[in-house]
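> next come a sequence and a model predicted from it.
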Amino acid sequence: MTMRRPITLTFAALCTLAGALALPACKDKKGPATTTAAGVDGSVPGVLRAPVLDEEVEPNDRPEQATAILPGKAVAGRIQNVGKKRDVDHFLFTSQHPKGILRVEVSGVPGLNLVVSVVQKMPRKLLATANNGGAGAPEVIPNVAVTTGEYFIVVKEAGKKKSGADGQYTLSANVTPQNPGDEVEPNDTRPDAVEIAPGTPIRGYFGRRKDVDWYRVKLPENVPESNLRVELTGLASVPFATLSAQDEIEVVLKKGATGRGTNLLFPNVFVKANQRFLYLVAAGGKGFSVKDAYTITTQLTPRLGADEEKEPNDRVIHATPLAKNQKMKGFIAPAGDEDWYVIEAPNASIARITVTGVDNVDLVLSLHDPSGKEIVRVDEGKLRDGEIIPNAFIQGKALIRVAAKARQENVFQTYELTAEWKNAAPGEEREPNETAAQANLFELGGSVKGFIFPKKDVDVYRLDIPAVGPTARSIRFELRGMPKVPLTLTLKDAQGVVFAKAGPRPAEEQLTLDKPMPAGLYHVEIAGGGESNPRDVYELRVMVSP
C-alpha cells in the first residue's frame with residue numbers, strides 16, 4: 001500500500017492556483033502571509049494552507065467580501081498589520097430563526113485590542129459592539145436580537161492607530177430562541193425598549209461598559225390604581241448598577257442603585273388608573289459581565305387605598321396630600337428614599353406630627369414651608385424608633401419630609417405618618433422659637449406652656465416690661481417643672497447679655513426667680529440640657545412681685 005504525503009503550497013503557488021480558479025485567496029499586503037502560531041485546526045507555523053470552511057477568506061475588508069460562516073462552528077481569523085490600511089474582517093452570518101438571540105465570541109490576540117460588532121445587512125444597521133477587555137482579551141456580545149436573514153460580524157483592532165501587532169483569533173456565533181422576558185440588544189433607548197408584561201421575569205446582561213437596557217412594561221387594559229413592585233437582582237461581577245422606573249414621557253418615578261451582589265427593590269411605584277405603559281431602565285455603569293445575567297421581576301399589587309403614599313413623592317412638587325388625622329403608610333425604599341407630604345391648615349394652628357419606626361432604619365422627621373425650606377427637624381430616635389414634632393406652628397400649606405438618617409431601607413415594613421392640628425391659642429408655645437429672631441411674644445402677667453423637645457431644645461420668649469414710674473420693678477418668674485427634664489431659666493437683655501439665671505433644677509421641681517428689672521425688652525430662655533420630653537409640658541408664669 002502506497003502512502004501519500006500531504007501537499008503543502010507556498011504563498012506564490014497558492015496565489016497562482018487561486019487566480020486560475022478565480023478565488024479571492026490572496027490579499028494585496030506587504031510581507032508574506034504566514035502564520036505565527038498553530039491555528040485552531042492544527043495549521044503549521046510558516047505554512048499557509050488553502051482556505052477551508054472554518055477559516056477566514058481574504059480579502060474580506062468590505063461587507064461584499066464577507067466570509068460566510070455557519071452557526072456554532074468556530075472560524076479562524078487573523079488581524080494582519082501590514083501595509084497602510086487597517087485590517088478589517090467581515091463575516092456573513094445567516095440566521096434561520098424568526099426570533100432568536102445571537103451570541104458572538106472572539107478569542108483574544110496578544111498585543112491586540114479587538115473590537116467586534118454585529119451589523120444587520122438589510123437595512124444596514126449597527127446592532128451591537130463590544131470592546132471591553134483591552135489588549136489580549138477576548139470579546140463577547142451576548143445577546144443580539146436576530147430574525148430570519150443575514151448579518152455581518154466585523155472584527156478589527158480598536159482605536160485610530162495600529163499597534164503593529166498581529167495574530168490569529170477564533171470567532172464563533174450561535175443563535176438560540178428568544179423567549180418572553182429575554183433582554184436583547186439593541187435596547188439602549190426608549191424606542192428600542194424590550195416589551196414585557198407584569199409578572200414576566202426579565203433576564204438581561206450588562207454586556208459592555210456603560211450598557212443601558214430599556215424595558216416597556218405593558219399594563220393590562222382598564223388597570224385600576226395600583227402599585228408596581230419592581231426588584232433587580234445585583235451581580236457580584238458588576239459593582240454598581242442603577243434602575244429607574246419612568247412614565248410614558250420619561251419622567252422618573254423612582255430610582256435606586258445596587259452594590260456588589262445586593263438587590264434593589266421598589267415596593268410601590270404608583271400606577272395610575274388606565275395607564276398603558278411604564279418603563280424600566282437598568283444600567284451597569286463601568287461594570288459589565290457577559291457571563292452573569294441580572295434578573296428584574298415585576299408584579300402589579302393592589303393599593304391600600306387613600307392611606308398609602310403615592311410614588312413618586314421624593315420631591316416637594318410631588319408631595320402626597322395628607323389630611324388632618326389621616327394615618328398614611330409609606331416605605332423607605334430603596335436606600336436614599338425620602339417621602340414628602342403636604343398638609344394645609346386654614347387658620348393659625350399648632351400641629352403635632354408623628355411617624356412610627358421601622359426595622360433597620362433610623363428615621364428623620366422634618367417640617368418645611370411651602371418652598372421646601374426646613375422649619376423644624378427631629379432626629380431623636382435610633383433604629384426602629386419613631387419620631388415626633390409635638391408643637392409646630394403652621395398656617396396655610398406646610399410640607400412634611402420622612403427620610404432615613406443614612407442610606408438605609410426597609411422594603412417590607414411601612415411606617416405610619418399622622419398629622420393633627422388645632423387652632424393656636426394664647427399661651428401656647430409655637431415652634432420654631434430657638435432664637436431671639438424667632439421668639440414667641442409673651443406679656444407680663446401671662447403664662448405659656450411648651451415642650452422641651454428634642455434634646456438640646458431651647459425655647460425663647462420676648463418680654464416687654466413697660467415703664468411704670470422711675471424705678472425698676474421686681475419681676476417674679478415661676479417655671480413649673482416637667483418629668484425627666486431638669487430645666488434652666490435664663491434672662492437676657494436686648495443686647496443678648498445674660499441678665500439673670502436660675503437652675504438647673506431637678507426634673508419636676510418648680511424654679512422661681514425674683515429680679516428687679518427696669519423697663520425694656522428682654523428675652524426669656526428655657527432649656528433642658530441633654531434631656532427631652534414630647535409628652536409633658538412646662539408652664540411659665542411672669543408677674544410683678546407683690
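Alright, I've got the coordinates.
> what about the strands in the stretch 201-350 of the chain?
Per DSSP state E, counting those that start in this stretch, the stretch 201-350 of the chain carries strands over the ranges 202-204, 212-218, 226-232, 241-246, 252-258, 264-271, 277-283, 294-302, 320-321, 327-332, 338-355.
> export these to JSON lines and tack on distance to residue 458 and mean pLDDT?
Quick note: C-beta positions are derived from backbone N, CA and C, even for glycine. As requested, the strands of the stretch 201-350 of the chain are exported to JSON lines (distance: least, CB to CB, whole Å; pLDDT from 0 to 100):
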{"stretch": "strand 202-204", "distance to residue 458": "54", "mean pLDDT": "96"}
{"stretch": "strand 212-218", "distance to residue 458": "51", "mean pLDDT": "97"}
{"stretch": "strand 226-232", "distance to residue 458": "43", "mean pLDDT": "97"}
{"stretch": "strand 241-246", "distance to residue 458": "43", "mean pLDDT": "96"}
{"stretch": "strand 252-258", "distance to residue 458": "38", "mean pLDDT": "94"}
{"stretch": "strand 264-271", "distance to residue 458": "39", "mean pLDDT": "95"}
{"stretch": "strand 277-283", "distance to residue 458": "47", "mean pLDDT": "97"}
{"stretch": "strand 294-302", "distance to residue 458": "46", "mean pLDDT": "96"}
{"stretch": "strand 320-321", "distance to residue 458": "32", "mean pLDDT": "96"}
{"stretch": "strand 327-332", "distance to residue 458": "30", "mean pLDDT": "96"}
{"stretch": "strand 338-355", "distance to residue 458": "19", "mean pLDDT": "96"}
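> pick the most buried one from those strands.
The highest average neighbour count among these, using mean count of other CB atoms under 10 Å, belongs to strand 264-271 at a mean of 24.
> alpha carbons only: can I get it in CSV?
As requested, C-alpha coordinates have been extracted for strand 264-271 and formatted as CSV (Å, rounded to 0.1, in the frame of the first residue of the first chain):
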residue,chain,number,x,y,z
LEU,A,264,-32.7,46.7,44.7
LEU,A,265,-36.5,46.8,45.3
PHE,A,266,-39.1,49.4,44.5
PRO,A,267,-42.1,48.2,46.6
ASN,A,268,-44.8,50.6,45.4
VAL,A,269,-44.3,52.5,42.1
PHE,A,270,-47.7,54.2,41.7
VAL,A,271,-49.7,53.1,38.6
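> show me what it is packed against.
Using 3 or more CB pairs under 8 Å, 6 or more residues apart in numbering; DSSP states H and E, the elements in contact with strand 264-271 are strand 226-232, strand 241-246, strand 252-258, strand 410-423.
> the closest residue in space to residue 372 that isn't next to it in sequence: what's it in contact with?
Closest residue to residue 372 apart from its sequence neighbours, by CB to CB, 6 or more residues apart in numbering: residue 316 at 4.4 Å. The contact partners of residue 316, by CB atoms under 8 Å, 6 or more residues apart in numbering, come to 340, 368, 371-372, 399.
> please pick the buried ones from those residues.
For these, a neighbour count by 16 or more other CB atoms under 10 Å gives the buried set as 340, 368, 399.
> isn't the last one up against residue 368?
Think residue 399. Yes: using CB atoms under 8 Å, residue 399 is in contact with residue 368, at 4.1 Å.
> and the helices in the protein, which stretches?
Taking DSSP state H as the test, the helices found in the chain are 11-20.
> got the domain boundaries for it?
Residue ranges for the structural domains of the chain, counted by automatic domain parsing, are given in the record as 11-177, 190-302, 316-423, 436-544.
> least reliable of these going by mean pLDDT?
Per-stretch mean pLDDT for the domains of the chain is lowest at domain 11-177 (a mean of 78).
> what's the distance between that one and the middle of its chain?
The chain centre lies 40 Å from the centre of domain 11-177; the measure is CA atoms, centre = their mean, to the nearest Å.
> residue ranges of the strands in the stretch 351-500 of the chain, please?
So, for the stretch 351-500 of the chain - with DSSP E, counting those that start in this stretch - the strands run 363-368, 374-378, 387-404, 410-423, 440-442, 447-452, 458-465, 473-480, 488-492, 498-502.
> nearest to residue 206, of the ones you listed?
Shortest distance between residue 206 and the strands of the stretch 351-500 of the chain, using CB to CB, is found for strand 410-423: 22.5 Å.
> how about the closest one: buried residues?
Of the residues in strand 410-423, those scored as buried under the neighbour-count criterion (16+ other CB under 10 Å) are 410-411, 413-415, 417-419, 421.
> would CSV of the strands of the stretch 351-500 of the chain with distance to residue 177 be doable?
Putting the strands of the stretch 351-500 of the chain into CSV (distance: least, CB to CB, whole Å) gives the following:
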stretch, distance to residue 177
strand 363-368, 49
strand 374-378, 56
strand 387-404, 44
strand 410-423, 34
strand 440-442, 74
strand 447-452, 67
strand 458-465, 71
strand 473-480, 80
strand 488-492, 77
strand 498-502, 83
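> so which of those strands is nearest residue 209?
Between residue 209 and the strands of the stretch 351-500 of the chain, the tightest spacing by CB to CB is seen for strand 410-423, at 29.0 Å.
> on that earlier part again, for residue 290, find the nearest of the strands of the stretch 351-500 of the chain.
strand 410-423 (29.5 Å).
> run the angle between the closest one and strand 338-355 for me.
60 degrees (axes from the mean of the first three to the mean of the last three CA atoms, to 10 degrees).
> so what are the sheet partners of strand 410-423 and their directions?
strand 327-332 (antiparallel), strand 338-355 (antiparallel) (DSSP bridges).
> please export the C-alpha coordinates of the last one as CSV.
Which is strand 338-355. Written as CSV, here are the backbone C-alpha positions of strand 338-355 (Å, rounded to 0.1, in the frame of the first residue of the first chain):
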residue,chain,number,x,y,z
GLU,A,338,-37.4,60.3,51.0
ASP,A,339,-41.1,60.9,51.1
TRP,A,340,-42.8,64.3,51.1
TYR,A,341,-46.3,65.1,52.2
VAL,A,342,-48.4,68.3,52.1
ILE,A,343,-50.8,69.5,54.8
GLU,A,344,-53.0,72.6,54.9
ALA,A,345,-54.4,74.4,58.0
PRO,A,346,-56.6,77.4,57.0
ASN,A,347,-56.1,79.1,60.4
ALA,A,348,-53.1,79.7,62.6
SER,A,349,-52.6,76.3,64.1
ILE,A,350,-50.4,74.1,66.3
ALA,A,351,-49.6,70.8,64.7
ARG,A,352,-48.5,67.5,66.2
ILE,A,353,-46.8,65.2,63.7
THR,A,354,-45.8,61.6,64.5
VAL,A,355,-44.2,58.8,62.4
